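In: Got a sequence here, can you build the structure:
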Amino acid sequence: MPRYEYRCRTCGDTFEMSRPMAESAAPAACPSGHDDTVKLLSTVAVGGTTAPAPQAGGGGGGGCCGGGCCG
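Out: Just a heads-up that it's a prediction; the model follows:
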């Protein structure tokens, strides 16, 4: 189930809730009981390394598909 981040406009606390995507826009009360909250836009962090971009004009490959099927 996705986790959504919210901020309370009354007390300023930020909190997360797990809820179905269909309920992501539904009102969410903060842990202190305030109802004036706003859903925050979250960024997704993806770990790992980035592969270098292919060089234009070949670089030892076999054309458009790296030498596997082009003739």
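
In: Please make it C-alpha for all contacts and neighbour counts, starting now.
Out: Will do.

In: Find the nearest non-adjacent residue to A25, please.
Out: Nearest residue to A25, sequence neighbours excluded (C-alpha to C-alpha, 6 or more residues apart in numbering): K39, at 7.5 Å.

In: Could I get the CA-only coordinates of the strand or helix carrying M17 as PDB?
Out: Using DSSP states H and E, M17 falls within strand 14-18. Output of strand 14-18 as PDB, limited to C-alpha atoms (Å, rounded to 0.1, in the frame of the first residue of the first chain):
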ATOM      1  CA  THR A  14       4.600  16.400   9.000                       C
ATOM      2  CA  PHE A  15       3.300  12.800   9.100                       C
ATOM      3  CA  GLU A  16       2.800   9.800   6.800                       C
ATOM      4  CA  MET A  17      -0.200   7.600   6.200                       C
ATOM      5  CA  SER A  18      -0.500   4.300   4.300                       C
END
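
In: and the helix or strand following that strand, what does it pack onto?
Out: Using DSSP H and E, the helix or strand that follows strand 14-18 in sequence is strand 37-39. Applying 3 or more C-alpha pairs under 8 Å, 6 or more residues apart in numbering; DSSP states H and E, we find strand 37-39 packed against strand 3-8.

In: what packs against the strand it packs on?
Out: Checking 3+ C-alpha pairs under 8 Å, 6+ apart, strand 3-8 ends up next to strand 14-18, strand 37-39.

In: Partner strands of that strand and their direction?
Out: strand 14-18 (antiparallel), strand 37-39 (antiparallel) (DSSP bridges).

In: most neighbours per residue, which of those strands?
Out: strand 37-39 (a mean of 18; mean count of other C-alpha atoms under 10 Å).

In: Quick one: residues in contact with that one.
Out: The contact list for strand 37-39, computed with C-alpha atoms under 8 Å, 6 or more residues apart in numbering, reads Y4, E5, Y6, R7, C8, R9, T10, A25, P27, A28, A29, C30.
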